[in-house]
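In: The amino acid sequence is not available; the structure is as follows:
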């Protein structure tokens, strides 16, 4: 969504509100199963002492797959983002500074970029998720499996010595 800022660029203290739906396809990632509705960003672009600052809140309800156990679960993201808008943003290395496009900005692109950079790398169904047994694949959140603990091959000789000691 292109937001025209010509009314506030030269007038400190002014702001322009916005509300837009974000591109759910652009925000997709491997463990995301589906968004449960539109991903909405709502905020303002303000001129504070000649610096244009975008600030917004995003609401995203989604179904994701746990990275440890594979269960599907519902997750609501409600991040708040701020970004600086500059005419010459290409000259800066900061990831929080975005270029103006003439006298405006594509707020969807700015917020989507902030959201992508801020997205968790792993989603867990709960903080203490135990995951799956690497041998049989049982969900360890439902209880222990019956697999015999694997002995590290480097320690197998020591294990045999202990077995021989117990027979004596």
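Out: Perfect, I can see it now. All values derive from a computational prediction rather than experimental measurement. Numbering: from 1, shown residues only.

In: Surely residue 29 is in contact with residue 119?
Out: Yes. The pair residue 29 / residue 119 is scored as a contact, 6.4 Å apart, by Cβ atoms under 8 Å. Backbone N, C-alpha and C define where each C-beta goes, glycine included.

In: quick check: mean pLDDT across stretch 137-147?
Out: Mean pLDDT, stretch 137-147: 89.

In: got a list of contacts for that stretch?
Out: Contacts with stretch 137-147, where a contact means Cβ atoms under 8 Å, 6 or more residues apart in numbering, come from 69, 70, 71, 125, 129, 130, 131, 132, 133, 135, 136.

In: for it, the distance to its chain's centre please.
Out: Centre-to-centre, stretch 137-147 and its host chain are 29 Å apart (Cα atoms, centre = their mean, to the nearest Å).

In: Show me what the strand or helix carrying residue 81 pairs with in its sheet, parallel or antiparallel.
Out: Remark: residue 81 resides in strand 80-86, with elements defined by DSSP states H and E. Applying DSSP bridges, strand 80-86 is found paired with strand 51-65 (antiparallel), strand 97-99 (parallel).

In: Least confident of those strands, on average?
Out: Of all the strands paired with strand 80-86, the minimum mean pLDDT falls on strand 97-99 (a mean of 84).

In: What helix or strand is the closest residue to residue 15 other than its chain neighbours located in?
Out: Take residue 15 and drop its neighbours on the chain: the residue closest to it by Cβ to Cβ, 6 or more residues apart in numbering is residue 46, 3.9 Å away. Per DSSP H and E: residue 46 is located in strand 40-48.

In: Which neighbours in the sheet does that strand have, and how are they oriented?
Out: Strand pairing for strand 40-48, using DSSP bridges, gives strand 15-21 (antiparallel), strand 51-65 (antiparallel).
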